[in-house]
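> fold the following and give me the result.
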Amino acid sequence: MPLNAGAAKLDITPRTPQHLAGYPPKDRFHEAVHHTLNVRALYVRGRDGDALLATLDLIFVDEDLLRRACAVLQSE
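Numbering: from 1, shown residues only. Modelled structure (predicted):
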C-alpha cells in the first residue's frame, strides 16, 4: 500500500475583540492583528494505519474543544 498524505492550514484569527491571555490587565482586548492565528494539520495514511498531527496557535485547548474535535474526526 502506498503512503498517502495531506496537509492543511486554516486561519482561526478571531474576527471580534478577544481578551489577550498573558497580558495584564486582564480586561484588555486586542486592538489589531499583527499575525494571524492558524491551525495546521498533517494527515498520513499508510500500511500500518493512520496518523493525524495538528498544531494550533493557541495558549491552551480546553477539554470541550478537544472532545468536539475528536467527535468530528471519529465521524469522518
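> how about residue 59, what does it touch?
21, 22 (CB atoms under 8 Å, 6 or more residues apart in numbering). Using the backbone N, CA and C atoms, a C-beta is placed for each residue, glycine as well.
> contacts only, for residue 42.
5, 6, 7, 52, 53, 54.
> which one of those residues sits in the busiest neighbourhood?
Using other CB atoms under 10 Å as the neighbour criterion, residue 54 leads the contacts of residue 42 with 13 neighbours.
> do I have it right that that residue meets residue 43?
No - using CB atoms under 8 Å, residue 54 is not in contact with residue 43, being 9.1 Å away.
> same question for the helix or strand where residue 72 lies, mean pLDDT?
Counting by DSSP states H and E, the element that carries residue 72 is helix 63-75. Mean pLDDT, helix 63-75: 90.
> how far does it sit from its chain's centre?
12 Å (CA atoms, centre = their mean, to the nearest Å).
> with just CA atoms, put that helix into PDB.
As requested, the backbone C-alpha atoms of helix 63-75 are provided in PDB (Å, rounded to 0.1, in the frame of the first residue of the first chain):
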ATOM      1  CA  GLU A  63     -11.500  19.800  27.100                       C
ATOM      2  CA  ASP A  64     -14.700  20.700  25.400                       C
ATOM      3  CA  LEU A  65     -13.000  21.800  22.200                       C
ATOM      4  CA  LEU A  66     -10.800  18.700  22.300                       C
ATOM      5  CA  ARG A  67     -13.900  16.400  22.700                       C
ATOM      6  CA  ARG A  68     -15.700  18.100  19.900                       C
ATOM      7  CA  ALA A  69     -12.700  17.800  17.600                       C
ATOM      8  CA  CYS A  70     -12.300  14.100  18.400                       C
ATOM      9  CA  ALA A  71     -16.000  13.500  17.700                       C
ATOM     10  CA  VAL A  72     -15.800  15.100  14.300                       C
ATOM     11  CA  LEU A  73     -12.600  13.100  13.400                       C
ATOM     12  CA  GLN A  74     -14.200   9.800  14.500                       C
ATOM     13  CA  SER A  75     -17.300  10.500  12.400                       C
END
